[in-house]
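Visitor: Following is a predicted model, sequence given first.
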Amino acid sequence: MSVSRRDMLRRTAQLGATSIGLGAATLAAQRLLRDGERSYPVNRSEQAGSPSRPDRLIRPPGALDPDDGFLAACIRCYRCQDACEFGAIQFFTEQDGKHYHTPYVDPATKACEPCMKCTEHCPTNALAPMTVDQRAEIRMATVELREDLCLSYKAKRIRDEQAMMMELGREPTESEAPVERRGPCGECYMFCPVRERAIKLEPGAFLAPLVFPDKCIGCGMCEEVCRVIVRGEPAIKVVPLREWS
Ligand code: SF4
Ligand code: SF4
Ligand code: SF4
């Protein structure tokens, strides 16, 4: 008799009701039952017309460096993906050569919300076990900010231009008005799990972000929210620490 994934979840949830120590598994199973079947991110190779390889090579948190044998340590078991409640982990396919069936995170699809669950479930320590309290130590990638695309910096520029126009006794131009109405943003700061380390806000009313790449953990939360806000090329993006090889 085959047992469906849903049946297994239901049994786990029932077991957890009478067993001490299964609290986390129980909660997870109950949540999944409530939400229905888990929807995993679709690997790009499964999306019509998309390349399988993301632009950036970003491994999940705690990943060993390539030089320390990540590819040898990862046994392609997919347990990290199973553990990821946020659907942030995707897997390379056979088309990706030596990287096949190893995990990656692409914030253009889903950022990592650094809960560290994947590191707890990796059976070989290819992802070194880490707690949430240690998340400031992870280095999945780093960050770059383009002030020319950032709404806060745009608002600031427009304020300066308008002050200049007023000094000259002229009206502000129409094309600048829509951006001005959006006003200051600062959402990347709000979403950054290590704000005040990786992102600070410039003093003043414009909530303009200042980034500190050496303190960034590379989770991509800032990029994810910025992509929604600017509705196009995000002003803040994570950049990989490793080259494709
Ligand atoms: S830390 Fe959490 S959100 Fe990030 S990849 Fe691992 S399980 Fe997913
Ligand atoms: S979320 Fe984007 S637009 Fe908003 S302040 Fe941050 S970088 Fe600028
Ligand atoms: S700056 Fe962005 S990528 Fe870096 S830690 Fe903060 S949210 Fe994550």
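Guide: Received it, and whenever you're ready, just let me know what you need. Ligands and ions are numbered 1, 2, ... in the order given.

Visitor: The residue lying farthest from the centre of the chain and Ala163, how far apart?
Guide: Largest separation from the mean C-alpha position in the chain: Gly169, at 46.5 Å (Cα atoms, centre = their mean). Distance check for Gly169 against Ala163: by Cβ to Cβ, to the nearest Å, it reads 12 Å. Quick note: C-beta positions are derived from backbone N, CA and C, even for glycine.

Visitor: Glu120 now?
Guide: Counting by Cβ to Cβ, the gap from Glu120 to Ala163 is 53 Å.

Visitor: and what of Cys226?
Guide: When Cys226 is compared with Ala163 (using Cβ to Cβ), they lie 27 Å apart.

Visitor: Show me which of those two is the more surrounded one.
Guide: The neighbour comparison of Cys226 against Ala163 (other Cβ atoms under 10 Å) goes to Cys226, with 27 against 11.

Visitor: Which secondary structure element is home to the more buried one?
Guide: Per DSSP states H and E: Cys226 is located in helix 221-230.

Visitor: Mind listing what's buried along that helix?
Guide: By neighbour count, with 16 or more other Cβ atoms under 10 Å as the criterion, the buried positions of helix 221-230 are 221-227, 230.

Visitor: Likewise for stretch 144-157?
Guide: 145, 149-157.

Visitor: Roughly how far does the closest residue to Ile217 other than its chain neighbours sit from Glu202?
Guide: Counting by Cβ to Cβ, 6 or more residues apart in numbering, Ile138 is the residue found nearest to Ile217 once chain neighbours are left out, at 4.7 Å. Using Cβ to Cβ, one obtains 26 Å as the distance from Ile138 to Glu202.

Visitor: what about these two, which has more around it?
Guide: More neighbours sit around Ile138 than around the other of Ile138 and Glu202, counting by other Cβ under 10 Å; the figures are 23 against 14.

Visitor: these two touch, right, the residue nearest to Ile217 and Cys115?
Guide: No: taking Cβ atoms under 8 Å as the definition, Ile138 is not a contact partner of Cys115, at 11.6 Å.

Visitor: Can you check which helix is longest in the protein?
Guide: With DSSP state H applied, the helix covering the greatest number of residues in the chain is identified as helix 151-167.
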